[in-house]
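> Give me coordinates for this.
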Amino acid sequence: MAKKKKSKPTARRRALRRGRIASKQKPTPAARAEVYPLDQPVGVRVEGWRQPPRPPRDPMVGRTCRVEPLDPTVHGASLYAANALDGDGRNWTYLSYGPFATIDDYMSWLKGVTSAADPMFHAIVDLETNEAVGVASYLRIDPVAGSI
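The predicted structure follows:
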């Protein structure tokens, strides 16, 4: 007896499995959007939602780098040197700050941003060289709204 050949899943089935398109099934009552008294939809209630904690200030270590709270004294000089590698300033195109003409200007900016709670800046430190090579930050931290 010959085995029946399995058919390949269609593009629609693959997309459904990956959650890229909605199925034709009707949503369950729990999945329907809630509506305010003025007949305005407000979305689906998230059961069990709790306010998240603020992001921790602990270092995070990965395979190739460490992400740690930005300290101008520890990271400033190596970050300025790393930024200087971008001679034409393309890294700054979509930022509201920089590029910085002098290390003093950069250090002043670093001291200002590290004294604020939001945004929360971190240095990205290369594990091989132990040099800070970039920055990352959490923006618009608002735990009450669930935004980290």
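> hey, where'd the helices end up in the chain?
11-17, 72-84, 103-114 (DSSP state H).
> Wait, H122 touches V135, no?
Yes. Between H122 and V135 a contact is recorded at 6.6 Å, counting by C-beta atoms under 8 Å. (Glycine included, C-beta is placed from N, CA and C.)
> what residues are shared contacts of the two?
Jointly contacting H122 and V135 under the rule C-beta atoms under 8 Å, 6 or more residues apart in numbering are L70.
> between the two, which one's more packed in?
Neighbours were counted for H122 and for V135 using other C-beta atoms under 10 Å; H122 has more, 23 against 18.
> Go through the helices of the chain and pick out the most buried.
Of all those, helix 72-84 has the most neighbours on average by mean count of other C-beta atoms under 10 Å, namely a mean of 17.
> Which one, of the helices of the chain, ends up nearest to R66?
helix 72-84 (11.2 Å; C-beta to C-beta).
> Tell me how this structure divides into domains.
In terms of domains, the chain is parsed into 11-43, 60-145 (source: automatic domain parsing).
> deepest of these, which one?
Mean neighbour count (mean count of other C-beta under 10 Å) peaks for domain 60-145 among the domains of the chain, with a mean of 14.
> distance between the ends of that one?
25 Å (C-alpha to C-alpha, to the nearest Å).
> Show me where this protein dips below the pLDDT cut-off.
Low-confidence segments of the chain (pLDDT under 70): 1-9, 11-32.
> wait, D118 sits on I141?
Yes. At 4.7 Å, D118 counts as touching I141 under the criterion of C-beta under 8 Å.
> show me where this structure has strands.
Using DSSP state E, the strands of the chain run over 34-35, 41-43, 60-61, 65-69, 120-126, 132-138.
> Save the ones you listed as CSV, and put in distance to G98 too.
Shown next, in CSV, are these (distance: least, C-beta to C-beta, whole Å):
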stretch, distance to G98
strand 34-35, 44
strand 41-43, 38
strand 60-61, 24
strand 65-69, 20
strand 120-126, 13
strand 132-138, 11
